[in-house]
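Novice: Sequence first, predicted model second:
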Amino acid sequence: MAEKREARKGVMAEKREFGPHEAVAVATEIELDYQAPQVGVTGRATEFLPPEVVRKARSPEQIKAAAVLGFDYPATQVGVAGSVTVAYDPTLGTQGKNLATNLLNVAAGPYQQMQRIFGITGGAVTVIVAPLSGHNDGSGGAYHYGCDFTSGGVLYVDATFANTAANPLDLEVGLYIAELSEAFMGAQGKGWGCGSSNGEGLSRYLAQNSSPGVMPTWGITGPSWANAGFPDWVTKTEGTDRNYVSTGCAVVYLYWMRSMGYTISQIVQAGGSTLSDNYKGLTGKTTAYNDLVAAVKGLSITTDNPFAERLYQMHGDGTIWLYTTPPISGWELLDNNSRAREIAASGDLLYQLHGDGTIWVYTGPPISGWQLLDNNPRSRAIAASGRQLYQLHGDGTIWLYTGPPISGWQLLDNNPRTIAIAAGDGLYQLHSDGTIWVYTGPPLSGWQMLDNNPATTQIAASGGNLYQMHGDGTIWVYTAPPISGWQMIDSNPATTRIVATNSHLYQTHGDGTIWVYTGPPISGWQLLDNNPREREVAAGNRLYQLHGDGTIWIYNGPPLSGWQTLDNNPATIGTAVSQ
């Protein structure tokens, strides 16, 4: 995705972009009260745009007006959040200022999420909200120069306040994540090329699957790869980010790996200059392209993610069921053991815990196809993520399954204060005194305290994000550093539970209402349902709720009315979704 840009002062670099329409850049004024981490550069643009679209070049007058501080657009700073400085082009007026301020209020969360996913500490970035498209609807996308924080630390994002099809702030955050992730790629140095097909696919995946998870429709590339006949961009990487076919291959590959249970952190940190290298690093196999093509054979690829997630339910009699469609009748019985007490799922793996402490994994076929992994009566809870299984004992010990069955469990901690564990892109534990800890290794000594608030009652983790809920209903997201790095995003005493996915955070209230976080903090919660029969919420790529009468519902939208019944069995007591 390369085009020549007008000459600017400084060094040579590449410019990373995101957006479909011709953009008219307006630059009339510069006002910034900080030193920019990057000066102007001359370079080649790598675009997040449809291949045929080229933005309108800026006029010499615009270039001159913006060049005083080395930026592409004039910039007025609204504030700093951790390593992120946010500014806006003053020609956008009050709407631009308000949008930039709202972006500042949520910028730290996605930044910490990228640090967790890439496994490195990031550098300083400056985000400038600018009129890239001239429409202020996000269609001008985003861009930056270079693949690290030194050459690519200034991120230009199109203003989105005029967009009526999506939440403007959510869309703005998506543009920000697409470019921010590319700065992390170069800094990580493990083969993700921010100007190549594998890196472009990753940046689009992260924009779509990091909170709040909004991708403009013109950013969808998976169908392009399918329509081209599934060419091999797995064993080779194309040195451009403008080809929707090669980018689409990368995006579908990432969803495929996620469907098998690998976390995005595992995938990203495995690296590889090709997707085949990445696959070999994770699985040990050298058949990535053939395996991927076999996985998508027969699927209708109309989006970036053609892989259906797995929804399970458990009944009071211990039976476990898999949803296979259609609603009501489309449930397959997988087991009928009355000792089952809990189920946990990760990718294509399903586990159950019995009342006697035995833990089982489903290997197929139904009923008989369960393998015993452990038989310890002290087991109280299980958690699964990243094709890894953990158990918590009543004495506070935490164990990781390494194999073989029964004997193959590694002790990770032995603290009697542990009351809960959460597995996302990392393993976390909550103590009875409210302290929250993340496992960094090695076993026993390798736990880092992230918070020490006695008011904490619940933790939830997914996709590099960590959240906590307090007894007073306040909800907090971890932004780093430990202890002080928590941002309050709601303060409603009616809150009873939080549920996290890679891209969304939900809360339920005592009156049965269900809410999704859209940002900004406190005010940015959207009501999805208000049914007092709600008893449990489960979420992966989709959102589900269980009612007290056993009915299971899937959210299709719009809010309140957009819920479809999937089952109506009064025996249902719990659900689980693979992520």
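Specialist: Okay, I see it.

Novice: Would you map the strands across the stretch 201-350 of the chain?
Specialist: Counting by DSSP state E, counting those that start in this stretch, the stretch 201-350 of the chain has strands at residues 311-315, 319-323, 331-336, 340-346, 349-354.

Novice: so can I have CSV of these showing mean pLDDT, distance to Gln77 and mean neighbour count?
Specialist: Heads up, the C-betas are built off the backbone N, CA and C, glycines and all. Output for those, formatted as CSV (pLDDT from 0 to 100; distance: least, CB to CB, whole Å; neighbours: other CB atoms under 10 Å):
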stretch, mean pLDDT, distance to Gln77, mean neighbour count
strand 311-315, 98, 46, 22
strand 319-323, 98, 50, 21
strand 331-336, 98, 55, 16
strand 340-346, 97, 43, 21
strand 349-354, 98, 47, 22
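
Novice: Turn those strands into CSV, columns for distance to Thr221.
Specialist: Conversion of these to CSV gives the following (distance: least, CB to CB, whole Å):
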stretch, distance to Thr221
strand 311-315, 27
strand 319-323, 28
strand 331-336, 33
strand 340-346, 26
strand 349-354, 28
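
Novice: So which of those is nearest Asn502?
Specialist: Distance to Asn502, taken as CB to CB, is lowest for strand 340-346 among the strands of the stretch 201-350 of the chain, at 12.8 Å.

Novice: how distant is the closest one from the center of its chain?
Specialist: Strand 340-346 has its average C-alpha position 23 Å from the chain's average C-alpha position, going by CA atoms, centre = their mean, to the nearest Å.

Novice: what comes into contact with that strand?
Specialist: Residues outside strand 340-346 that contact it (CB atoms under 8 Å, 6 or more residues apart in numbering): 261, 310, 312, 314, 318-320, 350-355, 381-389, 574, 576-579.

Novice: Can you find which helix in the chain contains the most residues?
Specialist: The helix of greatest length in the chain, counted in residues with DSSP state H as the criterion, is given as helix 168-188.

Novice: Just want the phi and psi numbers for the closest residue to Ala166 other than its chain neighbours.
Specialist: Excluding its sequence neighbours, the residue lying closest to Ala166 (CB to CB, 6 or more residues apart in numbering) is Val214, at 5.7 Å. The phi and psi torsions at Val214 (degrees, to the nearest 10) take the values phi -110, psi 130.

Novice: I figured Val214 hits Pro168, correct?
Specialist: No: the pair Val214 / Pro168 is not scored as a contact, 9.8 Å apart, by CB atoms under 8 Å.

Novice: Not counting stretch 472-484 itself, show me its contacts.
Specialist: Contacts made with stretch 472-484 from outside it, assessed by CB under 8 Å, 6+ apart, are listed as 81-82, 108-109, 111-112, 115, 448-452, 455, 465-470, 485-495, 498, 505, 507.

Novice: which parts of that stretch are buried?
Specialist: Buried residues in stretch 472-484, defined by neighbour count with 16 or more other CB atoms under 10 Å: 473-480.

Novice: Let me know the closest of the residues you listed to Ala66.
Specialist: Of all the buried residues of stretch 472-484, Thr479 has the smallest distance to Ala66: 30.8 Å, by CB to CB.
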